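Asker: give me a model of this one.
(2 chains)
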Amino acid sequence: MTPQVTPFDHRPDRALGAALRAALTGADEPAFVTRVLARVGRPLPYWEVLASWSRAGITAAAATGLIATFLVGRAAASSTPDPDFLASAATASARRLVAAPRPPDPSVVLAGIEDR
Amino acid sequence: MERYSASVRRVARAVLGDPDDADDAAQDALLAALVKLRQYDPQRPFGPWLMRVVANAATDRRRRRTVRRVDPLDGNIVAGGPAPDVEMQRRALGQQLREALAALPERRRIAVVLFDVEGYSHAEIGRILGVPEGTVRSEVFHARRALRALLKDWKEEEA
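Answerer: The predicted structure follows:
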């Protein structure tokens, strides 16, 4: 007697499996295998080539960006102010302010104004 | 390749329906698997890994496809096969099953084919589809319910 098969079964349903296998199995298996093997070793399709390029491109762009950020940051930190710009400052304290690599602390500036 | 090609084609056909599209997807999947072979962990079974590649290739192709083509005549029909009426009945059942499969959601189609045709476990199918095992059980349950009704009707008609 064939065991009753329910949808909850954890075992494959042989009858359904066989019917599906017959419905889905393609014709001429050897020809298909030959066709695939003939493709092995041929150049990859363009989208796979582009995909491999894009991976390398993203890596290269990220590395270039990091290096560029580092170089620009270093150049900005070590830059000397323009002499004409410095000369335009009227007083010595103004020249120090203009030549300073970082902006002054606002509380110090405000304290200087208050002292006047 | 011979060992897996039939399974690969069936899974692709379960997703795509059209046999030519399915064979193209199966070919893409097998070639992609060769390219990605370095990513395969030999400690794990090869079949589920390959089926994952196939399911992804077929799903990608289905998404790209914009125009559905008409199924060509089944190439299994050859001279010297079973008697014409038996063959016609088999073809008709196959056609109905394919139509019933096509009416199911994609994940359900893949799950039932991998379970009932290819013999993968729920856990393996879960890894192939990237879903929990319980989801696979549910998908197989619903697919079976739909497909068994068709088979039952067919048997009753035959009797």
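Asker: how far away is A:A22 from A:R102?
Answerer: Remark: distance between A:A22 and A:R102 (CB to CB, to the nearest Å) = 79 Å. (C-beta placed from N, C-alpha, C; glycine too.)
Asker: more crowded one of those two?
Answerer: Set side by side, A:A22 and A:R102 show more neighbours around A:A22, with 15 against 6, by other CB atoms under 10 Å in any protein chain shown.
Asker: mind checking the SS state of the more buried one?
Answerer: helix (DSSP: H, G, I helix; E, B strand; the rest coil).
Asker: tell me who's in contact with it.
Answerer: B:90, B:93-94 (CB atoms under 8 Å, 6 or more residues apart in numbering or on different chains).
Asker: contacts with chain A among the residues you listed, please.
Answerer: Contacts with chain A within the contacts of A:A22, counted by CB under 8 Å from any CB of the partner chain: B:90, B:93-94.
Asker: could you dump those into JSON lines with distance to B:Q39 and secondary structure added?
Answerer: Output for the ones next to chain A among the contacts of A:A22, formatted as JSON lines (distance: CB to CB, whole Å; DSSP: H, G, I helix; E, B strand; the rest coil):
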{"residue": "B:R90", "distance to B:Q39": "40", "secondary structure": "helix"}
{"residue": "B:L93", "distance to B:Q39": "39", "secondary structure": "helix"}
{"residue": "B:G94", "distance to B:Q39": "36", "secondary structure": "helix"}
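Asker: quick one: distance of stretch B:103-116 to the chain centre.
Answerer: Relative to its chain's centre, stretch B:103-116 lies at 7 Å (CA atoms, centre = their mean, to the nearest Å).
Asker: of the ones next to chain A among the contacts of A:A22, closest to B:G47?
Answerer: B:G94 (24.5 Å; CB to CB).
Asker: the closest one: neighbouring residues, count only.
Answerer: 19.
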